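Enquirer: Sequence plus predicted model, see below.
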Amino acid sequence: EEMECIKDLEVLKKKLLEGFTPNELLNYKALFHYFNHENEDTNFSPGETDENGEKVAPLYVRSCKLVTETCIQNLGSPVPKVRVELLRTVCTGLHVLNSHEDELLPLVHKTWWHLEKRLLRDTDHTVKLEALRVFGKIAKLSGSFIKQRVTNDVLPYLLSSQ
């Protein structure tokens with residue numbers, strides 16, 4: 001019965017999120033903050049697995065990942081204020097996923113190209129500053145996973161900037 005309820009919640013979540021614009025998704029930032037301060041016992045419930053027997057992340061982690069991925073996909077918005085808010089939401093999403101490395105590291109990998117583009121090619125300095133802030137969060141959260149990329153891609157740009 002509990003598994004049916006979880007499946008119903010997943011279907012409902014998908015239907016609810018389908019109609020949202022990126023700006024509306026930004027309102028979930030408060031939700032990320034709430035879940036980030038929840039008790040750490042929410043990582044996995046015993047016996048919570050998918051049909052293949054693999055552990056399933058909690059609902060808030062899956063929701064956070066979905067919202068963060070949506071924000072990443074919309075970082076090309078023509079409006080600088082929207083890009084800044086999207087980057088802030090991505091940063092918050094990555095922070096929330098910190099204790100779920102299986103979800104965090106693939107998301108960091110997906111984020112990298114979009115973030116690098118914002119830092120290196122964006123014409124708005126506020127967006128560049130926010131992108132740099134997200135790079136800092138990524139470096140802090142993912143450690144050695146991203147060290148080589150930071151060393152090869154970001155540091156030369158920062159050292160050559162005047």
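Expert: Arrived safely, thanks for sending. Numbers count the residues shown, from 1 in each chain.

Enquirer: where exactly do the helices run in the chain?
Expert: Remark: helices assigned in the chain by DSSP state H are 2-18, 22-25, 29-36, 59-73, 80-96, 101-121, 125-142, 144-149, 155-160.

Enquirer: and the third one, average pLDDT?
Expert: To tie it back to what came earlier, the one meant is helix 29-36. The average pLDDT within helix 29-36 is 48.

Enquirer: How much space separates T151 from L158?
Expert: 11 Å (Cβ to Cβ, to the nearest Å). C-beta coordinates here come from the backbone N, C-alpha and C atoms, glycine included.

Enquirer: now do R149
Expert: In terms of Cβ to Cβ, R149 sits 13 Å off from L158.

Enquirer: how about low-confidence regions in this protein?
Expert: Within the chain, the segments meeting pLDDT under 70 span 1-50, 161-162.

Enquirer: 80 instead, please
Expert: 1-56, 143, 145, 147-151, 153-159, 161-162 (pLDDT under 80).

Enquirer: which residues sit in contact with the closest residue to Q73 other than its chain neighbours?
Expert: Closest residue in space to Q73, ignoring its immediate chain neighbours: H114 at 7.9 Å, by Cβ to Cβ, 6 or more residues apart in numbering. With Cβ atoms under 8 Å, 6 or more residues apart in numbering as the criterion, the residues that contact H114 are I72, Q73, L75, G76.
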